[in-house]
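> no sequence on this one, just coordinates:
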């Protein structure tokens with residue numbers, strides 16, 4: 001079978017009109033303009049949303065632990081957990097700045113976790129029941145696997161070992177859930193403050209120069225912005241499409257490991273990622289850099305974003321089908337992977353070079 005990259009490269013070379021006529025070019029942004037729009041209209045609102053959502057979750061968990069018999073408290077926590085998952089999915093792929101420091105990325109959500117490290121380490125800590133380790137300063141030094149959303153999901157969505165009872169084990173589990181939720185607030189605050197403080201990462205991205213330890217010119221900052229889009233596309237393949245394809249290909253087919261399955265938020269997380277990737281793409285104005293001889297891309301790109309949203313819905317439908325159909329899930333995942341790969345290739349091979357941004361990605365990755 002002809003590989004996706006070779007097939008799509010041929011289409012790029014031929015300039016095949018895959019999607020109607022071209023629309024008028026938007027005005028091309030400078031690198032500094034791209035960065036300003038991305039930072040102020042995309043990054044900062046989303047990191048602030050993470051902190052706000054984590055705070056609401058922590059308050060909800062505290063109320064639940066104080067009165068586990070109140071069904072409203074349980075419903076509030078479930079809703080708040082979902083909001084944190086969506087908020088995190090909307091910014092997780094932007095892997096520059098404060099999230100790269102102090103292991104914040106892994107501490108907020110330890111994923112992928114192919115060996116079940118979060119579950120194993122959480123079980124060990126629950127068995128030892130050492131309350132001193134749950135104090136904020138001590139908890140922040142524990143393994144990243146037990147500090148964030150992955151471990152909290154296990155605690156909140158565990159029908160066999162629920163926190164909604166009054167025995168000592170349940171009380172400790174509830175205390176553990178509170179420790180994680182409080183830790184998420186602290187990490188969320190560090191992310192938000194790390195961007196918006198007077199000397200924060202926002203200032204670094206907006207003021208490149210010889211005295212800037214990270215960015216020497218606007219092309220450096222622009223490169224990180226566009227890399228985030230590509231990273232988002234790659235992570236979506238890795239977290240959602242690839243596990244389905246690999247699981248279906250096993251003999252016999254097996255169940256894939258997917259993020260937030262226990263809380264039934266896998267699709268919400270995927271939707272948050274995809275919506276946010278498109279929002280960042282639009283913020284940069286990259287579509288204005290479509291080469292003059294490839295005007296078909298101007299309609300192909302937005303149409304591909306629409307197709308990707310349809311792919312995600314089809315994948316969710318296949319996942320929800322009863323009885324389970326591994327072949328259908330694999331087919332939907334392959335379509336999602338193909339469309340994500342198409343978009344990635346256009347950005348890496350066409351738009352970034354046209355915008356004079358060298359990403360450093362191998363365009364043959366995933367061949």
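Cool, got the structure. On a predicted model such as this, the values are computed, not experimentally measured, just so you know.
> what about the closest residue to residue 162 other than its chain neighbours, distance to residue 69?
Nearest in space to residue 162, with sequence neighbours left out and distances taken as C-beta to C-beta, 6 or more residues apart in numbering, is residue 170 at 6.8 Å. Backbone N, C-alpha and C define where each C-beta goes, glycine included. In this view, residue 170 and residue 69 are 12 Å apart by C-beta to C-beta, to the nearest Å.
> which of these two has more residues huddled nearby?
Neighbours around residue 170 and residue 69, counted as other C-beta atoms under 10 Å, are more numerous at residue 170. The numbers are 16 against 10.
> show me what counts as buried in the longest helix belonging to the chain.
If you go by DSSP state H, the chain has its longest helix at helix 168-196. By 16 or more other C-beta atoms under 10 Å, the buried positions in helix 168-196 come out as 170, 172-188, 190-192, 194-196.
> same question for stretch 206-224.
By 16+ other C-beta under 10 Å, the buried positions in stretch 206-224 come out as 206, 208, 212, 215, 218, 219, 220, 221, 222, 223, 224.
> how about the contacts made by the fourth one?
Residue 215 makes contact with 204, 205, 208, 209, 221, 224 under the criterion C-beta atoms under 8 Å, 6 or more residues apart in numbering.
> pick out the most distant pair among those residues.
Taking C-beta to C-beta, the two most distant members of those are 209 and 224; they sit 15.6 Å apart.
> neighbours around residue 354, how many?
Counted by other C-beta under 10 Å, the residues lying close to residue 354 total 16.
> quick one: residue 176 from residue 163, how far?
9 Å.
> same question but for residue 264, I mixed them up
For residue 264, the distance to residue 163 (C-beta to C-beta) stands at 18 Å.
> please identify which of the two sits among more neighbours.
Higher neighbour count among residue 264 and residue 163: residue 163, with 23 against 12, using other C-beta under 10 Å.
> I figured the more buried one hits residue 174, correct?
Yes. Between residue 163 and residue 174 there is a contact at 4.3 Å, judged by C-beta atoms under 8 Å.
> find the residues that touch each one of those two.
64, 65, 68.
> would you mind writing the PyMOL command to select the buried ones in these?
For anyone working in PyMOL, the buried entries among the shared contacts of residue 163 and residue 174, judged by 16+ other C-beta under 10 Å, can be selected with:
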select buried, resi 64+65+68
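> distance to residue 236 added to the shared contacts of residue 163 and residue 174, as JSON lines?
Listed next are the shared contacts of residue 163 and residue 174 as JSON lines, based on distance: C-beta to C-beta, whole Å:
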{"residue": "64", "distance to residue 236": "32"}
{"residue": "65", "distance to residue 236": "35"}
{"residue": "68", "distance to residue 236": "36"}
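> now tabulate the shared contacts of residue 163 and residue 174 in TSV and tack on secondary structure, distance to residue 135 and pLDDT.
Shown next, in TSV, are the shared contacts of residue 163 and residue 174 (DSSP: H, G, I helix; E, B strand; the rest coil; distance: C-beta to C-beta, whole Å; pLDDT from 0 to 100):
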residue	secondary structure	distance to residue 135	pLDDT
64	helix	20	94
65	helix	16	93
68	coil	22	88
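> from the shared contacts of residue 163 and residue 174, pick the one nearest residue 88.
residue 64 (20.4 Å).
> tell me, how many neighbours does the closest residue in space to residue 182 that isn't next to it in sequence end up with?
Leaving aside its chain neighbours, residue 182 sits nearest to residue 58 (5.5 Å; criterion: C-beta to C-beta, 6+ apart). Look at residue 58: counted by other C-beta under 10 Å, it has 24 neighbours.
> what helix or strand does residue 58 sit in?
helix 44-66 (DSSP states H and E).
> following that helix, which helix or strand comes up?
Counting by DSSP H and E, what follows helix 44-66 is helix 71-89.
> and the following helix or strand past that following helix, what does it pack onto?
Note on helix 71-89: by DSSP H and E, the next helix or strand toward the C-terminus is helix 104-108. Helix 104-108 makes packing contacts with helix 168-196 when contacts are defined by 3 or more C-beta pairs under 8 Å, 6 or more residues apart in numbering; DSSP states H and E.
> cool, thanks, talk later.
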